[in-house]
Every structure is written in C-alpha cells, then in structure tokens.
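S.K.: no sequence for this one, just the structure:
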C-alpha cells in the first residue's frame, strides 16, 4: 500500500481508544488504578495496567499491541491493513464517522455485554500479536 494520502484521524481515534475507552472498559471489570500506553515501534505499543489488589499495587504489561502509523495503516505479520471508517447514516454531512478507535470501543462494549449475558460462552479477542 503506497498511498500519499494520510489518515491521521485513525491514529488519533486509536490513541483516544487506548487512553480513554480502554481505561473505561477495563475499570468496569478490574480494580484499575491507572493505565499507560508507550509506543514501542511504528506499528506496536506497550500497555501497562496498574491494579489495586490484596497484595498491593500490581502492574500488568501487554507488549506488541498493534497500533496504526501516521497514515492509519496497521502492519500485521508484514501485511499492511486498514480499518475502513464506517457510518450508519446516509447523509454524510450529518453523519458520525467511526474510525478504528470508535469501532474497537463499540465491539469491546458488545463483547463485554455478551460475556455478562452468556458467561463462559463468549471468548475475548486478543489485543496483541505473537
């Protein structure tokens, strides 16, 4: 994919998901006291979760979490991939456009609701690649 057109809104949307949406989703299920996201490379970042437990503060690390580059492109196993923005309205002048971050938030909320409604039957999706 050799595009000169940037899609900076994907990267911005994804960062907002990681820093706000993910924090909000996890806080409903975990004793979350903090979350930190650090870029590792162009296409990956590290997410640190800070949890309050009976043993005190615990830190959980997730490395190699996928992230888009400045053009909104993900690199998965050497292949470039793009998440297509979507809207549910025909009139684009009035439409809300959902980029990658908003789409992840919506899917995560649906998965959370489904796992509460059908315990043991819904599997979470991975946040990182091997």
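M.R.: Everything's here; your move. Values in this document were obtained by computation on a predicted structure and should not be read as measured data.
S.K.: State the helix or strand in which residue 25 lies.
M.R.: helix 22-27 (DSSP states H and E).
S.K.: Can you identify each of the helices in the protein by residue range?
M.R.: Remark: helices assigned in the chain by DSSP state H are 8-16, 22-27, 100-117.
S.K.: Mind putting those helices into JSON lines with distance to residue 36, mean pLDDT and mean neighbour count?
M.R.: All C-beta spots, glycine's among them, are computed from the backbone N, C-alpha and C. What follows is those, written out as JSON lines (distance: least, C-beta to C-beta, whole Å; pLDDT from 0 to 100; neighbours: other C-beta atoms under 10 Å):
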{"stretch": "helix 8-16", "distance to residue 36": "13", "mean pLDDT": "81", "mean neighbour count": "19"}
{"stretch": "helix 22-27", "distance to residue 36": "10", "mean pLDDT": "88", "mean neighbour count": "16"}
{"stretch": "helix 100-117", "distance to residue 36": "17", "mean pLDDT": "70", "mean neighbour count": "16"}
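S.K.: Which among the ones you listed is found nearest to residue 44?
M.R.: For residue 44, the closest of the helices of the chain is helix 8-16, at 12.1 Å, according to C-beta to C-beta.
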